[in-house]
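Participant: Sequence first, then the predicted structure:
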Amino acid sequence: MKRLLHIPLLFTLLLSGCQQIETWFARIVHPQRDSAAVIDSAALARREAIRAAELAFKQAVTDSIRNQPGGTFNDYPTPPTPFDSITVIQTQYGEKGGAPFRQYTYIDHSRASSAQRWFSADSLRKRFERFMTEEGGGKIAYERALQRCLARQVETHIDSSITRYTGFWIHVYPHDGKFYLEDDPEWKYAWHLNDSLYMNLTKSGPRPVRIVSFKELDNGGFSFQTTEEKMVFTPVKGYRDLYRMTLDGIFYKQMGYAVPADTYFRYDIIRYTGNTPDHFIPIEKEDEQ
């Protein structure tokens, strides 16, 4: 009886041994096929793991922007809402005054935020007028600068084509192959051009400077000379009403690209938020496109 019980066990062992021999034989005959399958499987698993980790990180960062742990938003003038489309492009972590801080730099794709409307021609007009009309240091400084500017006797050569470029201008910045406005917490650059004055918006108000010459260029751009410097605007290929700007032949990253304020709605805006109100670090401006 015991011998009969051993027969199925022996048969199973023989069958298993035959299968192992067949597998070893296949590996000897086709070694590359088996190793390639293992490598492909491992590479695919690594790629999937990396993709899952990147997705989890992006989701975690985005969620933390919308729901700051241990504090409210410090985002001027309005933080993103769960209904806004945003892309996080940079994170900063550190310590200030013995307390941890975190900061996020993100692209706001909604194009309807109050931060973006700051750059509209109507918003800039009100900002300029407030400096020039309200009683106080800003108005006094503007009026004195205007008087000195107009009192200068200079010969002018201003082409009538200047009227096509008068109005408010703002600056955009390249990032990862595209151009953006920036809700820079330190300073936002804007200026106004009319048929005789260039006015840059400084922290103390508009600063008027006399224009002595203006002309359109053969490349579709334009240039003008003030009593202080020469500005040249070269159109950027592939973009409408976007110009590369130089001052006395020098390209400055902070004011490298200019667009009419009427076109502000064409550009997404880079913004900042975090758990502290005064430690935002602006993005590093790129040199050229």
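Facilitator: Nice, thanks for sending it over.
Participant: Quick check: buried residues in stretch 264-282?
Facilitator: Going by neighbour count (16 or more other CB atoms under 10 Å), the buried part of stretch 264-282 is 264, 267-276, 279-280, 282. For the C-beta atoms, the positions are set from N, CA and C on the backbone; glycine is no exception.
Participant: Tabulate the residues you listed (CSV), appending secondary structure and distance to Phe131.
Facilitator: Shown next, in CSV, are those (DSSP: H, G, I helix; E, B strand; the rest coil; distance: CB to CB, whole Å):
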residue, secondary structure, distance to Phe131
Tyr264, helix, 20
Tyr267, coil, 25
Asp268, coil, 28
Ile269, strand, 23
Ile270, strand, 26
Arg271, strand, 25
Tyr272, strand, 25
Thr273, strand, 28
Gly274, strand, 30
Asn275, coil, 33
Thr276, coil, 30
His279, coil, 28
Phe280, coil, 24
Pro282, coil, 24
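Participant: pLDDT for those residues - can I get that in a markdown table?
Facilitator: Listed next are the buried residues of stretch 264-282 as a markdown table, based on pLDDT from 0 to 100:
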| residue | pLDDT |
| --- | --- |
| Tyr264 | 96 |
| Tyr267 | 96 |
| Asp268 | 95 |
| Ile269 | 94 |
| Ile270 | 93 |
| Arg271 | 89 |
| Tyr272 | 85 |
| Thr273 | 80 |
| Gly274 | 76 |
| Asn275 | 71 |
| Thr276 | 70 |
| His279 | 67 |
| Phe280 | 75 |
| Pro282 | 80 |
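Participant: so what pLDDT did Leu242 get?
Facilitator: The model reports Leu242 with a pLDDT of 97.
Participant: Can you give me the separation between the nearest residue in space to Thr105 that is not next to it in sequence and Arg271?
Facilitator: Closest residue to Thr105 apart from its sequence neighbours, by CB to CB, 6 or more residues apart in numbering: Gln90 at 3.9 Å. Here Gln90 is placed at a distance of 11 Å from Arg271 (CB to CB, to the nearest Å).
Participant: what does Ala258 give?
Facilitator: Ala258 is 21 Å from Arg271, by CB to CB.
Participant: Now list whatever residues contact both of Gln90 and Arg271.
Facilitator: Common neighbours of Gln90 and Arg271, using CB atoms under 8 Å, 6 or more residues apart in numbering, are Thr105.
Participant: Surely Ile269 and Lys188 touch.
Facilitator: No - using CB atoms under 8 Å, Ile269 makes no contact with Lys188, being 10.5 Å away.
Participant: Show me the strands in this structure, by range?
Facilitator: For the chain, applying DSSP state E gives strands covering 86-96, 99-108, 157-158, 167-175, 178-182, 190-193, 197-202, 205-216, 222-226, 230-235, 243-247, 257-260, 269-274.
Participant: Relative to Ala145, which of those is closest?
Facilitator: Set against Ala145 and scored by CB to CB, these come closest in strand 205-216, at 5.5 Å.
Participant: what's the span of stretch 148-157, first residue to last?
Facilitator: One end of stretch 148-157 sits 20 Å from the other (CA to CA, to the nearest Å).
Participant: need the strands of the chain in TSV with distance to Gly138, can you?
Facilitator: Shown next, in TSV, are the strands of the chain (distance: least, CB to CB, whole Å):
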stretch	distance to Gly138
strand 86-96	32
strand 99-108	30
strand 157-158	28
strand 167-175	18
strand 178-182	24
strand 190-193	15
strand 197-202	10
strand 205-216	4
strand 222-226	21
strand 230-235	24
strand 243-247	24
strand 257-260	24
strand 269-274	26
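Participant: Ok, which of those strands comes nearest Leu124?
Facilitator: The nearest among the strands of the chain, by CB to CB, is strand 167-175 at 4.5 Å.
Participant: where in the stretch 51-200 of the chain is pLDDT low?
Facilitator: Applying pLDDT under 70 to the stretch 51-200 of the chain picks out residues 51-84, 136-137.
Participant: re the thing from before, take the buried residues of stretch 264-282 and write them to TSV, including distance to Ile170.
Facilitator: Output for the buried residues of stretch 264-282, formatted as TSV (distance: CB to CB, whole Å):
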residue	distance to Ile170
Tyr264	6
Tyr267	9
Asp268	14
Ile269	11
Ile270	14
Arg271	15
Tyr272	18
Thr273	22
Gly274	25
Asn275	30
Thr276	28
His279	25
Phe280	20
Pro282	16
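Participant: tell me, what's touching Ile269 and Lys188 both at once?
Facilitator: With CB under 8 Å, 6+ apart, Ile269 and Lys188 have common neighbours Glu182.
Participant: what's the burial count for Ala258?
Facilitator: Per other CB atoms under 10 Å, the neighbour tally for Ala258 reads 21.
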